[in-house]
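Trainee: after the sequence you'll find the predicted model.
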There are 2 protein chains.
Amino acid sequence: MGDTIVAVATAWAPAAIGIVRISGPNALPLILTYWRGKPPRPRYAHFGAIHDENGTLLDQVILTYFPAPFSSTGEEVVEVACHGSLYILRRLVELLIAKGARLARPGEFTLRAYLNRKLSLDQAEAVADLIQARSAVAHRLALSQLTGKYYERVRQLRAQLIDLLALIELELDFSEEDVEFASRAQLEQLLESLRREIEGLLHSYRIGQAVREGIPVAIVGRPNAGKSTLLNALLAEERAIVSEIPGTTRDTVEERLVLGGYELRLIDTAGLRENPSDAIEAEGIRRAREKLRHAFLVLYVFDAAQESLAQAQAHAKLLLGMPPYPPILWVANKVDLLPALPIELQTHAIPIAAKERKGIDNLERIITEKIGEMGVDSEILLSHTRHYESFLRAKEAVEAALRLLREKGGSEILAEELRLAQAAIGEITGEITPDEVLGHIFSKFCIGK
Amino acid sequence: MGDTIVAVATAWAPAAIGIVRISGPNALPLILTYWRGKPPRPRYAHFGAIHDENGTLLDQVILTYFPAPFSSTGEEVVEVACHGSLYILRRLVELLIAKGARLARPGEFTLRAYLNRKLSLDQAEAVADLIQARSAVAHRLALSQLTGKYYERVRQLRAQLIDLLALIELELDFSEEDVEFASRAQLEQLLESLRREIEGLLHSYRIGQAVREGIPVAIVGRPNAGKSTLLNALLAEERAIVSEIPGTTRDTVEERLVLGGYELRLIDTAGLRENPSDAIEAEGIRRAREKLRHAFLVLYVFDAAQESLAQAQAHAKLLLGMPPYPPILWVANKVDLLPALPIELQTHAIPIAAKERKGIDNLERIITEKIGEMGVDSEILLSHTRHYESFLRAKEAVEAALRLLREKGGSEILAEELRLAQAAIGEITGEITPDEVLGHIFSKFCIGK
């Protein structure tokens, strides 16, 4: 870690500004070999020029020097804001590598911030989440993790375990005298409350992951009910909003939709049929239904000009198979073709005319409300598999400790279980961290972070 | 122009850092409504936070304040370096717009720099070129324009015209006395030298444009001679170099290739056939040959295992049609299949084995040399159509003035032609600029510049 690393920190496309970031003990001397300008004062934005090894001008730049330890990585850091030309950015990185800098690995700047105690491990992970966040809730979740709210909660849980452990260890030290410092009933109560708290966090994982990666929503219906017209109407609304600021692009790898601050991930239900004609189609239906069960919400679209709500609900049972289902919103499409709107569609369904883009605002409002009721707005949600696995191990150890307590087991094994539990939680914030965990976390970052 | 503008100045994709730039009289008060941190000192990189209108944290950022007039635009400027999340960048722009900032139009930051006399008009254009430059020569050309070398040359030309004009105008003031301050022979000599200089610049336009947009090169040959294998070999070399720095992407809209500091634009010669079978195909061949004539260089690829150099040259005539051709490099492919390499292929052709990637380095070296001989390395080249058109008008006016001199025309019309010539050149640097020229130039910029 003693070397000096360099990378382009802005996105890799031509733009007004592009930034090259250097971190490590030689950050300043390295850039000074190419710098024509005043000797950099700490944190002062200097205008000057970068010349290559032959003295040829590469670019006019703004250079800012952040001395250790008050920089983002805790090391010596220099940021060079160039004209955002890919040629210039690449050349500058090459020039610095030629003088002994090393191209940073993904996440290496943040890794160094962690190693220099600028960030805890869960905060470092939140940096990657924050950059990728596309919706208000995903952004808030990452930010609450980055600013330490989540860290505080996790740290408290671990501190409670360590307190309990200290009590047991004190007993062990005085074991010849056979005293009990902690009342077993009180211990059990404390452990049980910890178990419940960990279990609550484990339950929040499904929601946390959905917030981070998109909330799964299925649009289901019979052929020609208007599923894709509805999808296009929803996407068109979003596009209209998004395109107010030019330059915005949408991820088209999968159908995704930002709606009322939530990012929805639309589940492909193409395989759903009412009547399979053969075994292969039956297997396709089974799989589509399996995927559907992971949805947080189902939009069941039916053609209100063709069938009543009751008929639609009967058809839905055929399509969806046996319960349990996720919550279903009954979307009555093509209501503009009806002479009058039946009362049942007003009270138990959401009437729309997808093609005419009517009722879409109302549908969006109801979807947003429904999702809001699912607890996605909480600031403390488990959203990383790594954290989930640590808490799972912590829970198992706490449960083992509870069994030992109830069965009057020895203090030694009780202490060992508590040690396991606190170590598992310690891995989340990085207070206890095997090396391979670090490698795995930071490899998922983009270069330059 | 008195309002405050805002835009994202970095490329629009998730990254470690993204920058929002604000310029105008209210840049500082606007950002201060959302800023939680110390009052910004000029050009100091402050760590702090941006909170939204409800006091909710949006991001932890680095804020730098560049007071007028010592900023990039000459106005009050604030740059906010956020985590490079599209959500955060968009929200921050929206927050600033909500308080009265306006989303910047393309190139508006640079336009303001021009209006505040931070840059001449040709320098402002060079900023856009610099950002788009993909090769060393395109970069050098843009930079020489940005740093004023080109400006200096253009300014000198105009100054000479203005001097001449002043002389003629002095004569007009004393016209009753019928004196001649300038010797007509001397005037003619000066004007003729100016005409030659302008003509030289006009000639450099073909090269300057090629440097800026890619130097057109054609790969021609009979079917199965190995044209696409050669192309892939050339592209593979480039990719290998480029991919040393992760994150690099290649423009795939058109086949382009950066080679020895030059960007080559490969000309599609798919329509070339030896024998047209009907009128439609004959028309296709005529068009392909027409495109070919714009190439700076032709790589004629032939299968050395199937035909000799003389045979290849005979075939080439059939393919290329009547001269003139661009310079041709004779590329003898598949030489690995020959028992021995004929001397003529060593002296008059470039032997390669494209499939085995042999001889490619040598071919690249020769292409680079050839292009280098074409004057592309000059730092002063006309590269913009706008400048070309201005110089064309200037040349016409100078030529008209020369005719008047030779035909002993009146000083009034002579002065008028000189006035037209200097005004045309003045438009290039922006010393004389109608409004519509400005609008046209800056609309081609990206937002945030």
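Mentor: Structure received. Residues are numbered from 1 along each chain as shown, chains lettered A, B, ... in the order given.
Trainee: skipping adjacent residues, who's closest to the residue nearest to the spatial centre of chain A in space?
Mentor: Central residue of chain A (CA atoms, centre = their mean): A:Arg212, 3.2 Å from the mean position. In space, and not counting its chain neighbours, A:Arg212 is closest to A:Ser383: 4.5 Å by CB to CB, 6 or more residues apart in numbering or on different chains. For every residue, glycine as well, the C-beta is placed using N, CA and C.
Trainee: low-confidence ranges, the stretch 251-400 of chain A, go.
Mentor: Counting by pLDDT under 70, the low-confidence segments of the stretch 251-400 of chain A come to A:251-254, A:268, A:270-271.
Trainee: can you give me the helices in it?
Mentor: Using DSSP state H, counting those that start in this stretch, the helices of the stretch 251-400 of chain A run over A:279-293, A:309-320, A:343-348, A:360-372, A:385-406.
Trainee: closest to A:Gly221 out of these?
Mentor: Closest to A:Gly221 of those is helix A:309-320 (CB to CB; 7.9 Å).
Trainee: counting contacts, what elements does that closest one pack onto?
Mentor: Here helix A:309-320 touches strand A:215-221, strand A:297-303, strand A:328-333, helix A:343-348, going by 3 or more CB pairs under 8 Å, 6 or more residues apart in numbering or on different chains; DSSP states H and E.
Trainee: touching, A:Val211 and A:Gly375? I think so.
Mentor: No: A:Val211 sits out of contact with A:Gly375 when judged by CB atoms under 8 Å, with a separation of 9.8 Å.
Trainee: tell me which of those two has more neighbours.
Mentor: A:Val211 (28 against 14; other CB atoms under 10 Å in any protein chain shown).
Trainee: how close does the more buried one get to B:Asp361?
Mentor: A:Val211 sits 53 Å away from B:Asp361, going by CB to CB, to the nearest Å.
Trainee: adding distance to A:Ile432 and mean neighbour count, write the helices and strands packed on helix A:309-320 out as CSV.
Mentor: Formatted as CSV, the helices and strands packed on helix A:309-320 follow (distance: least, CB to CB, whole Å; neighbours: other CB atoms under 10 Å in any protein chain shown):
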stretch, distance to A:Ile432, mean neighbour count
strand A:215-221, 33, 23
strand A:297-303, 39, 23
strand A:328-333, 45, 23
helix A:343-348, 53, 12
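Trainee: for B:Leu257, which of these is the nearest?
Mentor: Per CB to CB, nearest to B:Leu257 of the helices and strands packed on helix A:309-320: strand A:215-221, 44.1 Å.
Trainee: helices and strands around that closest one, which ones?
Mentor: helix A:227-242, strand A:262-267, helix A:279-293, strand A:297-303, helix A:309-320.
Trainee: so can I have a markdown table of these showing distance to B:Gly55?
Mentor: As requested, these are exported to a markdown table (distance: least, CB to CB, whole Å):
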| stretch | distance to B:Gly55 |
| --- | --- |
| helix A:227-242 | 24 |
| strand A:262-267 | 22 |
| helix A:279-293 | 40 |
| strand A:297-303 | 31 |
| helix A:309-320 | 44 |
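Trainee: among these, which is nearest B:Lys99?
Mentor: helix A:227-242 (19.6 Å).
Trainee: residue contacts, A:Phe430?
Mentor: For the record, residue A:430 is Gly, not Phe. A:Tyr114, A:Ser120, A:Leu121, A:Asp122, A:Ala124 (CB atoms under 8 Å, 6 or more residues apart in numbering or on different chains).
Trainee: check what pLDDT the last one gets.
Mentor: Reading off the confidence values, A:Ala124 has pLDDT 88.
Trainee: check contacts around it.
Mentor: Shown in contact with A:Ala124 (CB under 8 Å, 6+ apart): A:Gly107, A:Thr110, A:Leu111, A:Ala113, A:Tyr114, A:Gly430, A:Ile441, A:Phe442.
Trainee: could you check how far the third one is from chain B?
Mentor: As defined by CB to the nearest CB, to the nearest Å, A:Leu111 lies at a distance of 13 Å from chain B.
Trainee: nearest residue to that residue in space, please, no chain neighbours.
Mentor: A:Phe442 (4.5 Å).
Trainee: the one you found and chain B, how far apart?
Mentor: Separation of A:Phe442 from chain B (CB to the nearest CB): 13 Å.
Trainee: number of residues surrounding that residue?
Mentor: 22.
Trainee: my guess is it contacts A:Ala104. True?
Mentor: No: using CB under 8 Å as the test, A:Phe442 is too far from A:Ala104 to be in contact (10.4 Å).
Trainee: about what we covered before: got the contact list for the residue nearest to the centre of chain A?
Mentor: So A:Arg212 contacts A:Asp129, A:Ala138, A:Leu141, A:Ala142, A:Ser383, A:His384 (CB under 8 Å, 6+ apart).
Trainee: so which of those comes closest to B:Gln306?
Mentor: Taking CB to CB as the measure, B:Gln306 lies nearest A:Asp129 of the contacts of A:Arg212, at 60.2 Å.
Trainee: secondary structure class of that closest one, three-state.
Mentor: helix (DSSP: H, G, I helix; E, B strand; the rest coil).
Trainee: residue contacts, it?
Mentor: If a contact means CB under 8 Å, 6+ apart, then A:Asp129 has A:Ala138, A:Leu141, A:Ala142, A:Gln145, A:Arg212, A:Ser383 as its contacts.
Trainee: now with 10 Å?
Mentor: For A:Asp129, the contacting residues are A:Ala138, A:His139, A:Leu141, A:Ala142, A:Leu143, A:Gln145, A:Leu146, A:Val211, A:Arg212, A:Ser383, A:His384, B:Ser85, by CB atoms under 10 Å, 6 or more residues apart in numbering or on different chains.
Trainee: quick check: pLDDT value at it.
Mentor: pLDDT for A:Asp129: 87.
Trainee: cool, thanks, talk later.
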